[in-house]
Structure formats: C-alpha cells, structure tokens
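S.K.: how would this look folded up:
(2 chains)
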Amino acid sequence: MTTGTMLIDGVPVSFEYGQTIMEAAMAAKIFIPHLCHHPEFTPQGSCKLCTVKASGRYVSACTMSAKDGMEVENNTPDLNDKRRTLLQMLFVEGNHFCPSCEKSGNCMLQALAYELEMLSPRFEQFFPNRPVDASHPDFLLDFNRCILCELCVRASRDVDGKNVFALAGRGIHKHLIVNARSGQLADTDFSLQDRAAHVCPVGVILEKRKGFAVPIGQRQYDETPIGQQMDELAARSAKAEE
Amino acid sequence: MDDFKHCAYLDPILTRFENRSDYLVQILREAQDCFGYLHQDAIDYLATKLNLPRARVEGAASFYSFLHLQPPGRYRVLFSDNITDRMLGNQALMERFCRNLWVEPGKPAEDGLVSVDFTSCTGMCDQGPALLVNGHVLTRMSVERVDRISELIRGKVALTDWPHEYFVVADNIRRRDVLLGGDWQAGEPIRAALARGADGVLAEMKLSNLRGRGGAGFTTAVKWESARLAPCQGERAERYIVCNADEGEPGTFKDRVLLNSYADLLFDGMTVAGFAVGATKGLVYLRGEYRYLLPKLLANLERRRIDGLLGTTVCGQVGFDFDIEIHLGAGAYVCGEETALIESLEGKRGVPRVRPPFPVTRGYLGQPTVVNNVETLCKAATIALNGGAWFAGLGTKQSTGTKLISVSGDVEVPGIYEYPFGVSVDRVLNDCGAGNAQAVQISGASGVCLAVHEFGRRIAFEDVPTAGAFMVFGAHRDMFEVARNFSHFFAHESCGFCTPCRVGTALVAKLMDKVASGSGSQYDINEIVSLQRVMQAASHCGLGQAACNPVMDTLQKFRPAYERHLRALDFEPSFDLDESLATSRQLTGRDDSGAHFGQ
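M.R.: Okay, here's the model as predicted:
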C-alpha cells in the first residue's frame, strides 16, 4: 500500500493513495464539517460545507484526492465564516423550526449550526411551499427540511437498487421527488428495511409512531458536539442509523 | 386509451433513437414537439421503454426550461430578456402583448391558447428585441409586430403562415479578417490534414498556439493530444469530438453566424480534430434557441456524406471513418460548461461533473472526449489548411489568431466584427459607432465590465479575455439595472447542484430587487459582497464562481448608480408592513386610508 503525508492545519496526516482529503482526515480523527458526505456512499461534493483550502485553492475535501506534501487549511476563521454562511443559506432556503422538529438533537444541520456558532439565519427567508407527504404507512416525508444532500437518492439507487428518490427542477426550485406518478411515497416500493430510510441527516424521512422516543436534550448531538464525534461519523457505514 | 395515443407518436421516436436512454433529452424534446408538452402517460411510457426510473425521466424533463410537464399555451411565446433586449424595450412590448391577449406572464391563458414568459438571452442581441414562439425565433420586435402577432395568435394562424420576414435572422457581419474573409472549398482543410498526417496536424496545432474561443482559453493542441493519448474504456471504445454550440453567454452570437454561414468550415474542423485525435464520431450540441438552424445543418451533413466528406473512408483515406450528429439543447445555460454539456448529451440533468477526471480522459459515455467551441474548430480547420506558423503570425504572442466579437447595445452598427487579438476596446467602439459609451460588458454576464478609463485595454487572453460578447452601454443607462438583469439571469440558470450557487444566486437577485425597489441600504450592499466571497470560493463550477462578477464590477466602477437607489445608508428591513397587507386589501375590496399602515 503506497502512502503519502499531507498537512492539515499544520498537523501531519498520512493517507493511502486514492483517498480523499475527507477520508484521510476522518481516519486521523480530524473534523471537517460536512452534510452530503457519508463514508458509505460515493462522494458528490454538493453541500460545500467541507470546503477547505488545499495548496492555496478552495476545494471540496470530500471529492479532492489527497496529495503528498499538500498543505490543507481546515479550521480557520475564513473557512468557518464561509461554512457558517452556507449553513445560513440552507436554513433560509427550507423551512427549519428546530424546537418542533422530531430530528432536533439528532440533526446534522442543527449540530453544525451549533458547532460553527451560527447565531441567526441572517438572510431573508424563502418560505418555500413544500407539502408534507404522509401517504406511506410507515414513513412521513417532510420536504420542508430537505437540504438536497442526495443521500437518500444515492442510498436507494446504489444500495437498495430501487431509485425511490430523485431530484427535479433547477436552481432554487430544485426539489426532491419520489418515483411515482402520483408523487406519493405510498405508491413506491419504499420500505422500512431500505438503507435510504435511515440515511437522512436532517428531518425529512421520519419513521411514523417513533416520535420523541428519546427526549430532546438527551440525543446524539445534545450530549456531545458533532465536532467531537469523529468515531461515530466514521462508523456510520457499520450500523444503520436509527 | 391514453396509452395507445401516446405510444403512437412515441414509438417512432424511440425506434429512431434505438431505445437508448442516453438520448433521453432528445427523445423528450421530440415527444414534446409531437404532443405540445410531456404528458404524464408519455413519461410513464418512456420510463418503461427506456428502462429508467420514472423519477429520473421526470427529473431530467424538469431541468430544462424548454421542456414542459404541464400544458403551456398552444402558442408558447418567450420574450428574450437579455439586458440588450431590455434596452430595446422588450418589457413594454411584453406588457402590450399580454394586454392584447389578456394573459399574465408565466400563466397559460384559461383557454389554453397562449402562454407568455421571459427567457434568457436568445443570441439575437444585434437584432432584438427577440421572441421565441414554439421554439422558433422572431427578431426585431416592434409595437406593430407585437400587435400583428397578437392578431395572428387570436386568429389561430399556423406559425408557418406568419409573415416570413419576422423569422429572418441576419448575419450582420461588419468586419472580416482571415476567418470570415477566407474562401475555402468544403473538405479542403480535411485533405490538407490528411496530407500532413495526424502527427503533422498536431504539430501545426502546437505551432499555432490556438487557444479555446469559448472563454477559458485552454490550449487546443494540449486537449487534442491528451485525448489522443488517453485509453478508451470498455466495449464501446471510441473517442469523441464534441462541438460546443450552446452559445448561451448573454450578448454572444458569433457561433450563430458561423453555424449559419460557415458550417462547412466547422464540420471540416471537427473532422480534422477527429483525424488528429483518432475519433470516429463528432457531436454538435446546438442550443435550443438555434433550432431554426437545424434543417440547414442536417442538409449540410447529408451533402457531406454524399460528397465523401463524412462517413467511412473520409476523402478516400482508408481507415479514417468519421460522422457527425447534432443534439439540440433544451434551454439551460449551464450546459455550456463542458461537463454539464456531456451530461446533457448523455440524456441527464445538465449538472457539471466533479473534475478531475477531465473529459479528455473520461468524457462522453466515459470515453476520451474533446470539447471545443464552434469558433475554435473553425480556426483549427484554417490551421490544417494554412499551417500553424501562419496562424501564430496573427494576433499577439500569447493570443494568436483572430477573434470574432459580437457587438450589441448602444452602438450604430451592431453585429459581428473579426479582429486580430490585441485590438483595443477603443478601436472596436470607434468601428461600431458607439458615441457616448460609459461602459462595455465584455465576455457576457460572467465577464468583465469596463469603464471609460479602461477603454485603452486590449482584447487578448493576457489583458481582457473574452468569449466574444461586447455589450455597449451609453451614458444614459443605469448600470445598476444592468447588473440586476445579470443577477436574475444567474439565479434563473443556476443548476442548483451546490449550495453556494443555488441559494447564493437567488439571494443576490433578491437583494438587488430590494435595492431596486428603493428599500435597500448599505447593509444590503455589504451582504452582496459577503455572498460573493462565498460563492466565488465554494461554488462547484464557473457559473456560481462568476455569478457576482457584474455586480462587483459595477459596484466598484459605478457606485453612484447604486447609491441613487439606496434609501438609508445603514439598514432597512426587507419586510414591508403595508405591502404585507396587500392581500387582505384585495380580499376585502378595501383600499381606503384605514386599510393602509402609517398613512
């Protein structure tokens, strides 16, 4: 196995050739904020939260290959400021009301907002009209919270072989759709056993009759900030998230 | 019953495209031509036949502006909305048109007869304001023409019976240099290339130092050589030459003229590239707005096949097979980005790919692919003919050859001007009769805005690079409105893949609207500057990275134009209490002073 070494914020990090900056950082337990990245799936680099500066250029850590001698800036005021702006964009793009959300405390978007000290949504809200789909017997789809990370799209296509989810529209009107003429989840072959059912980092895909099983305040990111949960983030492929 | 009806027109289309899912965009486009829009049953049927998830067909169809999942009007009227169309009064014309036909923009008429909306620059800036009616371009709109068109639509007159002069698109060539002034027989460059051999052609290309004319300026010979050396993949192993004719950059229309009057030179160039690279297939990605050129281009290809300039054993060269097919775009500026273009060629949503790998190693269908601009390929043909040294003797050392410039805006003689690279902006302004210019937007919305003190600068990769647009703004124009038009263009054309571009372009457009409405403040300007930094650094492709260029340039060079619109110099909320009562006023039918806040 050929390996190389790069510097992340001045710390030497070794990697195997073919690894991305994100993969090498995760293995070294260095936190790079991310939403659309998931160790189990092909990286796509769309949320841009993992933007780092590698050898002077802004790149996505999840798609850029690590190179020997590369100098990567990650935890810097400039980058964190940009990431905070990206989070604010995601918050105003959808309809996010954390106090009433079943995913509160287990939500990566919320956890990153705390981690990066986002204090306000800052921009004017878009307030998109996105009806909830409660058609499925076991699942609720609340599109209001969708951040378009495409994890469900990838999981359903690449793991479940079902293609239950896809994207439609363009630009700010881009949105998640399901694979049914009616547009309803009940008319797809989506099921509880699907990988896609357990991969949403925010509160779009919710299992019915499971609401608030763990009280808010005692959930994954309530106890420990996301930036200190490197083992859990890296181990996501090993267990199906509940 | 419905099923039967849809398969009646879908089956022949599917047969023609061999049920290949990578032709999805072409299939959808043709299906819509038959039925008027993409019916739910048609989507179901295509998904089944092409063995694609239904959601993927729907997802692709909903990506392109010119594909419709809901019935639009039987006459789909789109007003071109580049800033040059606006300067020629397109907004007043559209309002008049809507009043004539009692229709609202964006909403099909109740009787389904007509729908009206704006569309991005149609590439008719030298003869605007322009329209698209059911995909056909109409130029030089005026009050008389708009009124007459309203009558024709009300009378349900078929488009083919409309006055012929409405559809005339002039070339407007104003200055010819070696390319536009040249006189070559179709196939001559190919024969010259065959005589030189593939290595010889590449050597001449290197000598010429030809750089891409689409704006980025990448050295063409390097692209060709990389693709030639890259191994092909899998079963259908072949290399591809793709011609980027998705000329969507606002203010650019040079490729339109080349495609109309120099198509042989383009096809010669593609064939030369195929010979040098070892490719057997060429693809032209023609923007949907230029579909009126399609019959002529297809006839040309057919003639070339008969003349032995395409097909097997091209020009009698045993072992050299090359053919060209044309794909039509469907209204998406982002497909001008080469990897988004390839995605669209493969029948998908036009979303730019992660690079590397670059198309020269893994492009169309995963094979080595050269993507060149129309003008670049035409230049390559002349280099095959006249040699690299001849070409390198023109222009400047770093920017060899000539450049076609599309001049529009406040000038006496808009049209195409060909100059050797290195020409000064002043010279172009003089030649086109721009009397009182205060600014020139070069290379389109994503390019650079020059003010009077910069008119001495030169058009070349080392100074002011350009894809060809040259939009002139007279002293009476509001440069803030110019930037606002472009900010809406980018918001409309963002593919939506990455967060900074998807949300950022929409936020910038909203902030520019807030300033335009008179409720903007210094705070909003600061927000735009802050958004620009994030979008430039973190966007996935050039669209998002460049989306704020016009705003930043005009902010820097025409600050008073912004300040005139600002209300206070610190902060104003975007929420307007009185405005938010408008719906209640409408519902209750009240408009007295008691129904207004603070009056």
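S.K.: what comes up buried for stretch B:72-90?
M.R.: B:72-88, B:90 (16 or more other Cβ atoms under 10 Å in any protein chain shown). Backbone N, C-alpha and C define where each C-beta goes, glycine included.
S.K.: is that stretch anywhere near chain A?
M.R.: No - with Cβ under 8 Å from any Cβ of the partner chain as the criterion, chain A is not reached by stretch B:72-90; the gap is at least 15.5 Å.
S.K.: Give the rounded mean pLDDT of that stretch.
M.R.: Taken as a whole, stretch B:72-90 has a mean pLDDT of 96.
S.K.: for it, how far is the first residue from the last?
M.R.: In stretch B:72-90, first residue to last residue: 21 Å (Cα to Cα, to the nearest Å).
S.K.: what does chain A put close to chain B?
M.R.: A:43-49, A:51, A:58, A:60, A:63, A:82, A:85-86, A:89-90, A:92-93, A:123-124, A:126, A:147-148, A:163-174, A:177-181.
S.K.: Leaving out chain neighbours, which residue sits closest to residue B:367?
M.R.: Leaving aside its sequence neighbours, residue B:367 sits nearest to residue B:232 (Cβ to Cβ, 6 or more residues apart in numbering or on different chains; 5.5 Å).
S.K.: no no, residue B:66
M.R.: residue B:331 (3.7 Å).
S.K.: before we move on, what about residue B:279?
M.R.: residue B:239 (3.8 Å).
S.K.: Would you quantify the distance from that neighbour to residue B:228?
M.R.: Residue B:239 sits 8 Å away from residue B:228, taking Cβ to Cβ, to the nearest Å as the criterion.
S.K.: so what sits against both of these two?
M.R.: Residues touching both residue B:239 and residue B:228 by Cβ atoms under 8 Å, 6 or more residues apart in numbering or on different chains: B:277-278, B:368.
S.K.: quick revisit: now, the buried residues of stretch B:72-90 that are in helices?
M.R.: Among these, the ones falling in helices (DSSP state H) are B:83-87, B:90.
S.K.: lowest average confidence, helix or strand, in chain B?
M.R.: Scoring the helices and strands of chain B by mean pLDDT, DSSP states H and E places strand B:566-568 at the bottom, with a mean of 80.
S.K.: Pull the contacting residues for the most centrally placed residue in chain A.
M.R.: For chain A, the residue nearest the mean C-alpha position is residue A:35 (2.4 Å; Cα atoms, centre = their mean). By Cβ under 8 Å, 6+ apart, residue A:35 lies in contact with A:47, A:49, A:90, A:108-109, A:112, A:147, A:149, A:201.
S.K.: Over to residue B:231?
M.R.: residue B:368.
S.K.: Domains in chain A, by residue range?
M.R.: A:3-75, A:81-212 (automatic domain parsing).
S.K.: Make JSON lines out of these and add distance to residue B:287 and mean pLDDT.
M.R.: Output for these, formatted as JSON lines (distance: least, Cβ to Cβ, whole Å; pLDDT from 0 to 100):
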{"stretch": "domain A:3-75", "distance to residue B:287": "26", "mean pLDDT": "96"}
{"stretch": "domain A:81-212", "distance to residue B:287": "16", "mean pLDDT": "97"}
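S.K.: circling back: residue B:239 and residue B:228 - which one has more neighbours?
M.R.: Per other Cβ atoms under 10 Å in any protein chain shown, whichever of residue B:239 and residue B:228 has more neighbours is residue B:239, with 22 against 18.
S.K.: Let me know the pLDDT of that one.
M.R.: 97.
S.K.: Quick check, it in contact with residue B:367.
M.R.: Yes - the pair residue B:239 and residue B:367 qualifies as a contact (Cβ atoms under 8 Å) at a distance of 6.0 Å.
S.K.: re the thing from before, in its sheet, what does the least confident helix or strand of chain B sit against?
M.R.: Strand pairing for strand B:566-568, using DSSP bridges, gives strand B:520-521 (parallel).
S.K.: hmm, the helix or strand just after the strand it pairs with touching chain A?
M.R.: Remark: after strand B:520-521, the chain's next helix or strand is helix B:522-538, criterion DSSP states H and E. Yes - contact of helix B:522-538 with chain A (Cβ under 8 Å from any Cβ) involves B:527, B:530-531, B:533-534, B:537-538.
S.K.: contacts for the helix or strand following helix B:522-538?
M.R.: Remark: after helix B:522-538, the chain's next helix or strand is helix B:542-546, criterion DSSP H and E. For helix B:542-546, the external contacting residues (Cβ under 8 Å, 6+ apart) are B:333-334, B:337, B:352, B:446, B:490, B:493-495, B:498, B:500-501, B:504-505, B:535-536, B:538-539.
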